[in-house]
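K.L.:
Please work out how this folds:
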Amino acid sequence: MAVLVPVRIHMGQLPTGGLLREHGLDELYGPLVAAFRTGHLGNFDKELARTQAAHFKLGTYLLVERAALLVQRNLVRRCAYAAGKKTAKSRLVPIVAVQVAYQWAGRHLSVGEVECMLANLIYCRLVGGKVAHAHGKLVLAATKGKDFPIGGTFWPVRVG
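P.N.:
This is a model prediction of the structure:
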């Protein structure tokens, strides 16, 4: 079960607190799942460092560490919803707003670094859209469900 939790997280299915307690995994995965839900990168990194030895022993460290990209996706998604999902321009998210969200999550990045992080999330197919550098905006995909795809199919595929 300890190995299945990170696999299910990558598929977009988070375990409940009751399930973690039932199998004695709440100490190992509880704070990580909480940080994952909120998109708080600082808490995720702190908890991953705290439980690093246990993850190495289980052989799940790389899988859990790779979930940091999903935490970033959740942070950007929350930022996009906060930037105004109810308006006609809801697809346009100011990069400065994403920068403030990263600062809240414990990462102090410049605008260029935030654009690079967003480009990486788009490349990994975790965020659907593009970065409009000239306008300082993240332009999300127009189709609902394509802007923030569910996990499980997000690692880049090399063609050719």
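K.L.:
tell me the average confidence for the helix ranked longest in the chain?
P.N.:
Longest helix in the chain, counting residues (DSSP state H): helix 68-82. Averaged over helix 68-82, pLDDT sits at 87.
K.L.:
tell me the helices in this protein, going along the chain?
P.N.:
4-10, 17-22, 26-38, 41-50, 52-58, 61-66, 68-82, 95-104, 111-123.
K.L.:
Show me how the record splits the protein into domains.
P.N.:
The chain breaks down by automatic domain parsing into domains covering 4-66, 76-140.
K.L.:
just to revisit the earlier point, could you work out which of the helices of the chain reaches nearest to Asp147?
P.N.:
helix 68-82 (7.4 Å; Cβ to Cβ). To be clear about C-beta, it is placed using only N, CA and C from the backbone, and glycine gets the same treatment.
K.L.:
Pull out the buried residues from that closest one.
P.N.:
Judged by neighbour count using 16 or more other Cβ atoms under 10 Å, the buried positions of helix 68-82 are 69-80.
K.L.:
what distance separates the helix or strand bottoming out on mean pLDDT in the chain from the middle of the whole chain?
P.N.:
Lowest by mean pLDDT, DSSP states H and E among the helices and strands of the chain is helix 4-10, with a mean of 82. Average the C-alpha atoms of helix 4-10, do the same for its chain, and the two points are 14 Å apart (Cα atoms, centre = their mean, to the nearest Å).
K.L.:
List the contacts of it.
P.N.:
Around helix 4-10, the neighbours that count as contacts under Cβ atoms under 8 Å, 6 or more residues apart in numbering are 14-15, 20, 25, 29, 33, 36, 60, 63-64, 66-67, 70, 151-152.
K.L.:
how about low-confidence regions in this protein?
P.N.:
Regions of the chain meeting the criterion pLDDT under 70 cover residues 85-90, 143-146, 149-160.
K.L.:
Name the nearest residue to Ser110, sequence neighbours excluded.
P.N.:
Residue nearest to Ser110 in three dimensions, not counting chain neighbours: Gln99, with 7.8 Å by Cβ to Cβ, 6 or more residues apart in numbering.
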